[in-house]
Structures are given as structure tokens and as C-alpha cells.
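*Asks:* quick one: sequence and predicted model below, then my questions.
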4 protein chains.
Amino acid sequence: MPEPALTSLPPEVVALIDHERLAQARLPQAAWAYFQGGAADEVTVSANRAAWDAMRLRPRVLRNLTGGHTRIKLLGRTCAHPILLAPVAFQRMAHPDAELATAVAASAQEAGMVLSCQSSTLLEHVARAIGTDAGRGPLWFQLYLQHDRDFTLELVRRAEAAGYEALVLTVDAPTSGARDRERRAGFSLPPGIEAVNLLGLPPWRPAALQPGQSAMFDGLLQQAPTWGDVAWLKAHTRLPVLLKGILHPDDARAAHDAGADGLIVSNHGGRTLDTALPTAEALPAIVAAVGHTMPVLVDGGIRRGTDVLKALALGARAVLVGRPQVHGLATAGAMGVAHVLRLLRDELEIAMALCGVATLDQIDADLVMSR
Amino acid sequence: MPEPALTSLPPEVVALIDHERLAQARLPQAAWAYFQGGAADEVTVSANRAAWDAMRLRPRVLRNLTGGHTRIKLLGRTCAHPILLAPVAFQRMAHPDAELATAVAASAQEAGMVLSCQSSTLLEHVARAIGTDAGRGPLWFQLYLQHDRDFTLELVRRAEAAGYEALVLTVDAPTSGARDRERRAGFSLPPGIEAVNLLGLPPWRPAALQPGQSAMFDGLLQQAPTWGDVAWLKAHTRLPVLLKGILHPDDARAAHDAGADGLIVSNHGGRTLDTALPTAEALPAIVAAVGHTMPVLVDGGIRRGTDVLKALALGARAVLVGRPQVHGLATAGAMGVAHVLRLLRDELEIAMALCGVATLDQIDADLVMSR
Amino acid sequence: MPEPALTSLPPEVVALIDHERLAQARLPQAAWAYFQGGAADEVTVSANRAAWDAMRLRPRVLRNLTGGHTRIKLLGRTCAHPILLAPVAFQRMAHPDAELATAVAASAQEAGMVLSCQSSTLLEHVARAIGTDAGRGPLWFQLYLQHDRDFTLELVRRAEAAGYEALVLTVDAPTSGARDRERRAGFSLPPGIEAVNLLGLPPWRPAALQPGQSAMFDGLLQQAPTWGDVAWLKAHTRLPVLLKGILHPDDARAAHDAGADGLIVSNHGGRTLDTALPTAEALPAIVAAVGHTMPVLVDGGIRRGTDVLKALALGARAVLVGRPQVHGLATAGAMGVAHVLRLLRDELEIAMALCGVATLDQIDADLVMSR
Amino acid sequence: MPEPALTSLPPEVVALIDHERLAQARLPQAAWAYFQGGAADEVTVSANRAAWDAMRLRPRVLRNLTGGHTRIKLLGRTCAHPILLAPVAFQRMAHPDAELATAVAASAQEAGMVLSCQSSTLLEHVARAIGTDAGRGPLWFQLYLQHDRDFTLELVRRAEAAGYEALVLTVDAPTSGARDRERRAGFSLPPGIEAVNLLGLPPWRPAALQPGQSAMFDGLLQQAPTWGDVAWLKAHTRLPVLLKGILHPDDARAAHDAGADGLIVSNHGGRTLDTALPTAEALPAIVAAVGHTMPVLVDGGIRRGTDVLKALALGARAVLVGRPQVHGLATAGAMGVAHVLRLLRDELEIAMALCGVATLDQIDADLVMSR
């Protein structure tokens, strides 16, 4: 069990990294390994972060900034700012209030939220908690295409009915990564924590393997989604569909051709394929390929307001943060998540002011120099 | 309270870094965090320093160097050497003699001094202490444009009357940076230390925010200076005006168009926008843009005579040092600051001799190789 | 003596690095220095590893991967996967079952094995142990050309008779490297461990040196192999001959001209010439030179399934691993080696799935971005 | 006083770095600081070493190497190998046998020796000790042009008379560097150790400085050598004159025009101008400028046989080592220095064998890849 969350934040918590330190102290080692760890040697986890730091800002001065704001347009909606919560499974491991706390915090801070289909709270409960909040950000539902396509469709229907505004199809995890840290810590889901949205899913029964066949290629991957499934999903929902996990511009073009409504440049926070390209390095080519036709978002290593600004300078419409929401949640529940979001928003405004941009569409590539 | 300053310097103090170590041991942690810290993760603080080190000198030999010197011309004046003290606020936190000690040391070492408008000593007292010293360097006054333009003008009049020779308008801090180290240390000004030059400034009363408005963009930034204010200032003073905090060549050109008399390439010592370009990397483009029309100075990470020489090789007319003066001040008051300046001057002469340059105008870009 | 091997693997052993840690704890310091150490400052040992990590994967998504597999063709044979065991001498120092354990593990995991001519088990015993195993990978024999060419030929005849399928002539070690770590540890072969295949080799008796002659050039190197010896070997065996230790494309072309049947790009695991080019950096030029005419394999620093995939993306047909087999062997004998191979195979399948490739010939250079 | 030197070397001393460790343990801290330290932050000391390591060797295989050797031609003489001892002052601080031990070791190992004019042993004694040794390498005398040109000339006459074969004029130290480590350690010459060759030198009496004059430019540098002095020296000696401390190709050309007979690319081991270009990076441009007209040697950070080979691949005719001779001397007197030289020679032969070169003129730039 995690340590009880704090009821007030110590004054020395002034940045996301401080939440990270506090969360590590509160979470059981196995849960920390699950949330914080990445694939294999965690090269991509580090590289994601380092790639933002390696970009140098070249600020402008003495511009008139009054009346500026952080608003963006996203899928036909105006958002107060470009920061969304990335889908994170099993948040109950971090705090008993779980995804409800996260959603309430997001709503209070006008942030978009992408609920994981593996959430430990029913998708309907989350939607009900914030669905009618004035000023809340977009509420999206993340989807893995399950082996049972009927069940998948039922899940889509539930998300539609509950008021989710878009589907985020994760495409970079046809299999789990070699999550070494997690396995070394002997992680398993604690009793009472489960993927409650998926409870009715019939167990997957792969055909028995013939000699020489591979459990991966002849088994597990038979249920992995393909481009055809994107078209299928588009045909079966009225919601916009974003693909999460695109790193190659040719796949971005294929996504456009398949009817995707948006992309999230992501390497799954370094949790699937280790040594995958950092998202900050992958982003420009994706924007160049399809940025004029659909919104391109990005996640991976965003920890500072300056990172958000850099992502937008490279052409992203918005950003998502994953682990930081868990840090805030473990530290102080909804208050912690809200504080994490508030810090990022404040830092973004400071970064804009110090870079001489009053609105996010004034940000351009000239602000950023790669080393 | 800081530890009492030393009355003599130990023999192992042979370089600026030694003053830094001694100062850290003498200053209270919060004051150290204030003076030494930077914005956010202090990436720019480190990068400033690293950028000078990364440049390689390619010295020349066997040239006739007799009669050489370190003199430069700056705004119509001959200076004994190209090292000035950058504006640093609230020096009383480092030593009871505060800015008076710094000014006396600068004068003794023929260094220019830029007094912070947030000095903890009245600008008139500082000017009186050294105004008539033979051989002292230039005495300039640093200015933030205050929300009350009348008060600002009064401050300019006082500076003019006291004998300051130029105004240095800081343009890279429309808002404070995310000074995390300082905030984690719980820094606040100790009792009895205040911005004495600004005592008569009427408090700023921003209009109440409407829902959806931003405390940053609709509040604080309403008083931030713009290019129009530069023109206004130029029209209201007979003193030359330098802009401090320029990193982009387009802003350098704008400064020229606005009538600026000089530029200081600066990122505020890494205290405002973290991950901003190191000044050593920003300098060449600024010099290329406006170096033929006005003097370009630079600060940020200068700790060695070789750094000074490199800055001049990249086209700077002179350099400023900020934190090192605080280190000397905390270590041994005026004597400490004077020692810091003497060390830098000596190192500059050694570097010139070892590079085969007798005068600073013999320094050219051929001396420096970037990695 | 090494610590007794484990009879079951702890659950936290999830990657090759875990075997390495366990092995270090079990092996005597001198044996560890022998197996793990490299030449001089071990710059190449580190660089081999770092070069794979520095390559970034740019995965593809949503492709149909069912029915995929890891099979390759190699010298006319189909192998279940592209991972072979590199020749490692004196394995008895790591475990009493020595090369027999390694061979059995390789066979069980369908991996190719290259037996060192300096094995501590007779080549015939190894071949007998696995020769008739269904599904085993290729069994090759590594050869140093001994000073006595008749003895060398006898060794070749024994390898042929025992059923070895190819000869791997090591060409990058005309003399030992400056194996400093090994020498500092005072390594010498423990009693009872010897190069049993070479027992009949007559001692080498170099001519007495004249004054001014070099023990290296006028002594030891008189027995070193030359291109002529490659032709001689080809003329005296019906087996295919691969050259191991090629780093320069001109030597790859010479190997082709000399009739070599394959190449192994190798720097001897950093054990001979320190600061030699990392194999990952050498590989592309070799493939460009001769890759269309013969299989090019690579070893050096391969520790992850993603490394295997990268090697193949750069044009290698297969890879070899040296030290990891010793780690597995020291940890848990045949079971340990098999586990090492199983981990690599699984990681390779995961990497393929996550990169969107169903078969190894779908891997191309587009997947990899060098930094 | 240093610890007594060892009378036999422990078996774990297998490389130059081992001598360095032993020497540090034996020498008093101040003497260690003097010998080992560099200027300022010792950036160049580290960079010298790192520059060799950063070069990657791309070895050749299977070449006929019998009858190879390490001989070179240098100023009309054949040397057994291309390694010389760089001039190092005051060696008595490292061992009571001082420069005599060093010279005897050099002679035994057929290495050239450059005696420092600041040696703690009379130049005549050194020459007498090894002058008639068969097989010894070249014996050169290093010279600073002293303020008293008559005394300088007398020194030259003594060197000529004693049998020195060339003069090495150090040109990169018109003043001492900011030797911070040495100053922090409070170094001063111990009683009884002095520059015995210079005992008759009249003290230097600079003219009193006028106000505004610089002790550096109007004092010390009045005695610094210029290109004119090179011509003067050439006109006054029958010995060849090499210039030590050239880093810029234009100075190399000037040296040629002034009649120099050879160059040593050097940054004084990082002891004068910190952040000066590493010698490995400076060498190619110097060789390109004048390598066809005179021998170019190099020192700085050479610690491995592979470093020697790389230097020659970049065009150097020979290399010099400074600090390693002090390490050997402090460790075990003449035996220690001889061991250092033997190690380097052996490593060079190993490197040649492993790179496929039988003689040093077979080494070309193709062997080396810069990163």
C-alpha cells in the first residue's frame, strides 16, 4: 500500500521534479517500478527528457504581451491551454481516489484528460464526475483494440454514451515491452485493483502452436491491430479517432489516408521499444508530413513549461503528460494532480512572457535552436 | 546572517572558483540560493559556463608584445581593461558594506560598475564614494522600467544627477523566472535589506481580473516594457542607453532602430528563462548584426581571463561578471571584490601574452576554434 | 574455483545484464578479469556497447505481423534465428561442464555455436554431444593458424571429421592485446584447465634474435597468418571458411578475393587493439563492400534484442555473442546459457513486433537513425 | 621528501597509468601538484588525453609483418623507435638520481632525451653519463631564451661542447601559466634543488614601471623571445634548432621561414594556456603546412602505444612524453623510467602488429577515424 497522501503540500514543492521525489518516497517499490520504469535499459526514457533539454531557446524581448493567453483550438473545441493528461492505467495503485481524483484535478485546471481503457475506475464514473463541469478540458478515451472486436465495439459505445469526445487508439504496443525494472521488482497488480472496464472481456484463447511456430508471431500478434482496424474503427464510431504512438512520417501519412483525425507522437514514455527515437526528435518530420491536415500532439519527457513551448515551436498542437500526474496523485491525490498542472501552466505562461510570445500561435521554429 | 568576512585572503585563493567556495561556506543557505541559483533546472547556468570552456584557443607565438596593454574604448571613454561588474541586487545580504564595498573595489581595480536599481545602498551614496576617483572605470546605472513611469523618470534624473554615465535597461525579465532553488530554500529578503532606491515607488495595483483572464498576461505584463518604452527613455535622458538581455539578432537590429547606444548579450545569468541559449553561442550573430554600429558586451559564465579573451575574439567590446563579485564580497568585502577583479585582469594579461596578442584589438576570430 | 552454479534462476534475472552481475559474484577475480576484461583502457569494450545504444530505432506500426518468424539462411542452412555463440576459450574456468554445457544450451535454443580451438573440452566431445540434435543451429570451429601448419591441418581434419560445418579463422590477433586488467589480476590458467585440442602441438622455437631485432617482428610475427594462408586453408579443406576480425572494407574485398565464404566484423570484443572502431560503426562499410557476395556477421557489445535488430538493419546476416554465454554459464551452467539465449530471442521477437517487421528480411536501414 | 623509490616493480604495474598511481603515492603533495598539475582548470590537460582516445583505429589484417621494426630517421640519425623524453625541469624533486637516472634509462631503452635547461643536474654531467653509449637515442637540449642573451649564448656553447645534438627552443611560455593547482598546494622549490645550469645568470632587473604601465607588457615580456631571436639563435649555433610549442599552421610556416629545423606541436602539457587546442587536433594542420619540409613532432597526453601510432598516422615523425617519465622516476628511479619506455615500445609494437603495419612509414591517415 502507498503511504497516505499528504493533505497539504510542503512549500519546497515548486516544480514537477519535487512531486516525483515525494511520490517515490510514498509508493511501494513495485508500484514505483511499474509507473516510473521503462523498457529494457530505459535509454528512451532518459532520451525523451534529454531531447527537450538539449533544445536551446532564443527568446525575443520588448514585445507587447498584454491580453495574451494560452488558449488553443483542438478538434473543434477551445481549450484553456495545451496540456492534457496522457492515459495511465491502474491509478488506484497510486491513490485510493484513483482516476476520479485525476479527472477532478484535470477539470479544475481546465486540462484535457485521456482516460486509459485499463483504468481502475469505470469509465462511466469518471465521465459522470466531471462531464458537466464548466470550463473543463476535453475528455477522451484511450483504446487498445482487444482480441474480441465485439467487446471492443461495446467499449466504444460505452465511451460514446458516457460523453467521451474522442477515441485515442494506441498503436505502438502490439506486445508489451521488455519492462525489466518492473519485472525485477516482481510487480503484479495488487488485490482489488483491476481493469474494471474490461471485466466482461472473454479470455483470449490462441490456437495451439505447431512445432516451429512462434508464441509471438503465431499467437499474440494475431490479435494486434492493423491499418484495416483503423478503418474499421472509424466506420463504427461517430467520435474522432486519434492514433497514439506514431514516430515515422510514413506512418503519419498512412494514418491520414486511413482517416485518422489526429496523431500523438509518442514512444509510450519509453515503456515499449527501448532506444526508440525521442519524441522531440521525431516530431518535426511528422508535422512536416501531416501537420497541415490534422492536429499533431506529443508526449514523452515533458516536465517544464519550456518543454511545452518547445513542443509547440516544433509544430505540436498540444502535449500530454503521463508520469507527472501519477506523481501528483501519489503525493496528494486530486490536489497533487491539480498542483502539477498548475505548475506546468504557470511555467508555460512564464516561458511565453520571457520568450516574447503572447499567444501560442506566435510561437515558431525560430525560437528554438537544436544543438 | 553571513559569517564575518575574512580580513586577509588565504594563500590558496588563486582563482575565482576559490572565492566561490569560500563564499558558499560563509553565506546563509537562502542567500546563497538567491545569489547562486538560476531558473528551473539551471541548464542555462551550466551551459553558459560550458560554452566558454568548449571553445579552444589556438595561440600564436614569438610576436613582439612589449608595450602591450588591455585598454579599450567604451562609449567615448578609455577603460583600463574590458571587465565590468554586472548589476547585482541586494548586495547587503553578502556583506554589510554592500555596494559601497563593491564600488570601491571596482574603482581600485579600474573596473566599470553597473549599479543595480535594486541595490541595497542608495545610488547617490555609491556615486559619491567613487565619483571623483582618478582612474576608476565607467559608472552605469541599471534600470527596470517600473510600472510608474513618473517614478522611473525620477530615478533616471537621480542617476543623471549623481553622475552615472549610462543607463542599462534590462529587457529580459518582464517577469521573474521560475527560480526553483531560491524557492526551495524559502528565500525572502532579510529584515533591514531593501531596494532603497525604490522606496517611494507607489505600489502597483493591477485591475481585478475577469474570469478567464490571466494574472500574467492581463495583469503583470501590462507594466512590462516594450520597444516604445525604449524610445520614450531615449527621449527623456541625455545618457546613453544600453539594452541588457538581447539574444536574438533581430532584436539587436530592433535595438539599433530604437536608438540604443549599446547592447549586453545576456540571459540574466540563467536566472530567467531556463534552457535559453548560452551567451557565448548567441554573441557572434549579434555582433554580425549590429557590431559595427554600437558596442556589444556580454555576460554569463565568465570566470577566467581566457573567457574574457574569447568573448573579445567573438566580437564583444567588454564583459561583465555578476556572481563572482558576490563571491568576493562575501569572502572579504571590498578586498575580496578587488581580488576577484585583480585575478581576472592578471589572467587576461597572461592569456594575451600566451596567445601572442599585445592589445585587445589584435584579438580576432582566428584565435578561437569551436568544437 | 568459481562458486557453485545456481540450480534455479532467481526471478529478478530478466535480462543479460542480470546474468553479468550474478556471474561477477560467482567467478574468482582473476577468471572474471580474463573473461570480462579487454585491452588496455577498455575504450573499445565500452564503445562497442555504446555504439548500439546510440542508434535510434524509428518503428513502424499497424502492420500485419501474423506468421512472422526469426528464421535466416546462413551458408545454405536455415537457422531458427540469427544469434550464434562466439568462440570463447577455456570455458571450464566458468563452470565444470564447460563447453559441453554451452553446446547443449545452444542446441536447445537452436543457436549456432562456434567452438574455440582453445576450448577446454575436446572438439570431438562437443560435436558428439549435440551433433545429431534435431533443430540445433550450425556448429562451426574457430581456428588460429598455429605455427605448425601440419598440426593446423590435422586440427582441420579433426573438425571436419567431427562434423563441424565451417571454419572460422580469427585474423585480428597475430599477437595478444595489452590485456591490462587480466595482467593486473595476475591471471594464469588454473591447474587442470588447458587447450585440450592443442595438446599435441610441438612447442614453438623461434630463432635466436640478432642484436637490433625485435621479439615481435623477427620472432612472434613470423608465425602470424597472411592472406596467403587463407588461400592455403581454402585449398586444404572442404569446409567453408569465414574470416573473423575484419574492420576495414579493403580487407573485406581482399577476403572476397581470397575465397572467403563469409566475414565476421569483429574487434575481438575489445580484447586486442584498444580504441579500435566499434563494430557497429565498422559494419555498414563492410556490407557495402562485400555484402552482396557473402554473409557478413558481427559481434561486439550485442546485449539486447534491439541490438540484434539494429545489426541486421545495418546489413548483418547474423550476430554472435561472447561474454554473455560465459555469464550464463557461470551463473547456472547449461541452464544459464540457454536462458541467456532465450532472453535474446524473446527480446528480438518483441523488438520485431514493436518495429512492425514480421521477418528479418523486412528490416531495412530506414528503421535506424544514427545520432 | 618523496618516499624512497621501489627497488623492484610490483607485477600489477603493466601500463603507464600504474606508474602514475604509484608516483602519486610516493611524491609529496606539492611536488605532485608541480609535476602533474596544469594551468587553470586543467581543461587542456584532460583534452590532450581525450583527443587521442577519441580517435578510432581501423586496423588491417593478414599482412606480412616479418622483419618489421620501429625505426625512424630523425635529423639525419636513425632512431630505434619514435619515442623521446620531453624536457621536464627539476627532476631531483622526484628522485635523488634526477636527470641522470632519466638519461640512463633513455639510453638503455634507445629513446631520445631532451634535457630541460632548468634541469637539477648539470647538462655536462648528463651528457657525460650517456654520451658514448652505443645505441642511445638523440640527446637534445631545451632552451628558454634568457633575458641575458650573452648568458644564453654561453649555455648554447656549453650544450654544443657537451655533445648535445640539437636545441629545442620553447616558444609557448613567454610567461608562466596560471598554474592554480601548484599555487594552491603552496609549491616552492625544496632546499637544494635549483636550476644548476643557470646559476651564473645575472638577475633580471626590469626598469621601474611608470603609472599605467603593465608589469606584464612593459616588464616581463620585454625579455620574451620573438621571431628575430630565432634567426639570431640559428646564426649563432651549428646545431639544428627545433621550436617547441607551435599550434597554429601560420606559425609553422613562419618557423620554416625563420630557418627552424623541426617543430614540436605542443601546448606545454596544458601547463601554460588553459583551453588551448589539444595537440592531436592541432597536428594535422601543422603537418599539412610544413610537414614536407621538416620533421614535426608532438607531445601532450601520449600514454599508450596506440597514441604513438595515431600521432604518426596524423603525420608526426616522433612523439615526446613528459609526465610519464616523472612517474617512472618517482616510482623506481632509472628502472622506473626504463620500464615506462619499455612499456610504450612494447605497446607500439603490439599496436603495429594488430594494425597490420610492419614499419612506421606504412602508417597512414586511413588507419585513423576521427569521431
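*Replies:* Received the coordinates, thanks. Residues are numbered from 1 along each chain as shown, chains lettered A, B, ... in the order given.

*Asks:* contacts and neighbour counts: CA atoms only from here.
*Replies:* Will do.

*Asks:* pLDDT wise, what is A:Arg371 at?
*Replies:* A:Arg371 carries a pLDDT score of 61 in this model.

*Asks:* any idea how far stretch A:302-322 is from the chain center?
*Replies:* On the basis of CA atoms, centre = their mean, to the nearest Å, stretch A:302-322 sits 12 Å off its chain's mean C-alpha point.

*Asks:* list the buried residues for it?
*Replies:* Residues A:302-322 are the ones in stretch A:302-322 that count as buried (16 or more other CA atoms under 10 Å in any protein chain shown).

*Asks:* could you work out the end-to-end span of it for me?
*Replies:* Taking CA to CA, to the nearest Å, stretch A:302-322 runs 9 Å from one end to the other.

*Asks:* name the nearest residue to A:Glu281, ignoring sequence neighbours.
*Replies:* Distances taken as CA to CA, 6 or more residues apart in numbering or on different chains place A:Ala51 nearest to A:Glu281, at 7.1 Å, with adjacent residues excluded.

*Asks:* helix, strand, or coil at that neighbour?
*Replies:* Here A:Ala51 is recorded as helix under DSSP: H, G, I helix; E, B strand; the rest coil.

*Asks:* quick one: it from A:Ala282, how far?
*Replies:* From A:Ala51 to A:Ala282 the distance is 10 Å (CA to CA).

*Asks:* cool, and A:Ala224?
*Replies:* 24 Å.

*Asks:* which one's more surrounded, these two?
*Replies:* A:Ala224 (23 against 20; other CA atoms under 10 Å in any protein chain shown).

*Asks:* contacts only, for the more buried one.
*Replies:* Contact analysis of A:Ala224 by CA atoms under 8 Å, 6 or more residues apart in numbering or on different chains lists A:145, A:147, A:174, C:62, C:64.

*Asks:* name the element the residue of the stretch 101-250 of chain A found nearest chain B belongs to?
*Replies:* Residue nearest to chain B within the stretch 101-250 of chain A: A:Gly135 (9.4 Å; CA to the nearest CA). Secondary structure from DSSP states H and E places A:Gly135 outside every helix and strand.

*Asks:* nearest residue to it in space, please, no chain neighbours.
*Replies:* Once flanking residues are discounted, A:Gly135 sits nearest to A:Glu110: 5.9 Å by CA to CA, 6+ apart.

*Asks:* surely the one you found is in contact with A:Cys79?
*Replies:* Yes: with contact defined as CA atoms under 8 Å, A:Glu110 reaches A:Cys79; the gap is 7.4 Å.

*Asks:* overlap of the contact sets of those two?
*Replies:* Contact criterion CA under 8 Å, 6+ apart; residues shared by A:Glu110 and A:Cys79: A:Gly137.

*Asks:* show me where chain A has strands.
*Replies:* Counting by DSSP state E, one finds strands in chain A at the ranges A:56-57, A:72-74, A:77-79, A:83-85, A:112-115, A:139-143, A:166-170, A:241-246, A:262-265, A:296-299, A:318-321, A:368-369.

*Asks:* close to chain B, is the first one?
*Replies:* This means strand A:56-57. Yes: Strand A:56-57 lies within reach of chain B by CA under 8 Å from any CA of the partner chain, at A:56-57.

*Asks:* that strand: how far from the chain's middle?
*Replies:* 25 Å.

*Asks:* quick one: average pLDDT of it?
*Replies:* Here the average pLDDT along strand A:56-57 is 98.

*Asks:* could you do the fourth one as well?
*Replies:* Strand A:83-85 shows a mean pLDDT of 98.

*Asks:* same deal with the fifth one?
*Replies:* Strand A:112-115 shows a mean pLDDT of 98 in the predicted model.

*Asks:* can you list the strands of chain A in CSV and add distance to D:Leu263?
*Replies:* Shown next, in CSV, are the strands of chain A (distance: least, CA to CA, whole Å):
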stretch, distance to D:Leu263
strand A:56-57, 42
strand A:72-74, 65
strand A:77-79, 69
strand A:83-85, 62
strand A:112-115, 68
strand A:139-143, 69
strand A:166-170, 65
strand A:241-246, 57
strand A:262-265, 56
strand A:296-299, 56
strand A:318-321, 59
strand A:368-369, 41
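
*Asks:* A:Lys244 and A:Ala260 touch, don't they?
*Replies:* No: counting by CA under 8 Å, A:Lys244 does not reach A:Ala260; the two are 10.5 Å apart.

*Asks:* lowest average pLDDT across the strands of chain A?
*Replies:* Of all the strands of chain A, mean pLDDT reaches its minimum on strand A:368-369 (a mean of 93).

*Asks:* starting at the chain centroid, how far to it?
*Replies:* Relative to the centre of its chain, strand A:368-369 is centred 25 Å away, using CA atoms, centre = their mean.

*Asks:* same check, this time on stretch A:38-56
*Replies:* Counting by CA atoms, centre = their mean, stretch A:38-56 is centred 16 Å from the centre of its parent chain.

*Asks:* before we move on, back to that, quick one, which of the strands of chain A gets closest to C:Leu344.
*Replies:* strand A:241-246 (24.6 Å; CA to CA).

*Asks:* how about the contacts made by the most centrally placed residue in chain A?
*Replies:* Among the residues of chain A, A:Ala86 comes closest to the average C-alpha position under CA atoms, centre = their mean, at 2.1 Å. By CA under 8 Å, 6+ apart, the contact list for A:Ala86 reads A:113-115, A:299, A:320-322.

*Asks:* quick one on the thing from earlier: mind checking which of the buried residues of stretch A:302-322 are in helices?
*Replies:* Among these, the members found in helices (DSSP state H) are A:305-313.

*Asks:* keep those residues, but drop any that are not near chain B.
*Replies:* Among those, the residues that sit close to chain B (CA under 8 Å from any CA) are A:Thr306.

*Asks:* which neighbouring elements make contact with the least confident helix or strand in chain A by mean pLDDT?
*Replies:* Least confident helix or strand, chain A: strand A:368-369 with a mean of 93, by mean pLDDT, DSSP states H and E. Packing contacts for strand A:368-369, counted by 3 or more CA pairs under 8 Å, 6 or more residues apart in numbering or on different chains; DSSP states H and E, involve strand A:56-57.

*Asks:* tell me the contacts of the residue of chain A most remote from its centre?
*Replies:* Farthest-out residue of chain A from its mean C-alpha position, per CA atoms, centre = their mean: A:Pro211, at 39.8 Å. Contact analysis of A:Pro211 by CA under 8 Å, 6+ apart lists nothing.

*Asks:* and it, what pLDDT?
*Replies:* For A:Pro211, pLDDT reads 85.

*Asks:* A:Glu3 now?
*Replies:* Confidence at A:Glu3, expressed as pLDDT, is 81.

*Asks:* so what's the residue count around it?
*Replies:* Counted with other CA under 10 Å, residues neighbouring A:Glu3 total 14.

*Asks:* quick check, it in contact with A:Arg26.
*Replies:* Yes: A:Glu3 lies in contact with A:Arg26 (CA under 8 Å); the separation is 4.8 Å.

*Asks:* quick revisit: neighbour count: A:Lys244 and A:Ala260, which is higher?
*Replies:* A:Lys244 (26 against 22).

*Asks:* now do the contacts for the closest residue to A:Gly315 other than its chain neighbours.
*Replies:* Closest residue to A:Gly315 apart from its sequence neighbours, by CA to CA, 6+ apart: A:Val287 at 6.0 Å. Residues near A:Val287 by CA under 8 Å, 6+ apart: A:296, A:314-316.
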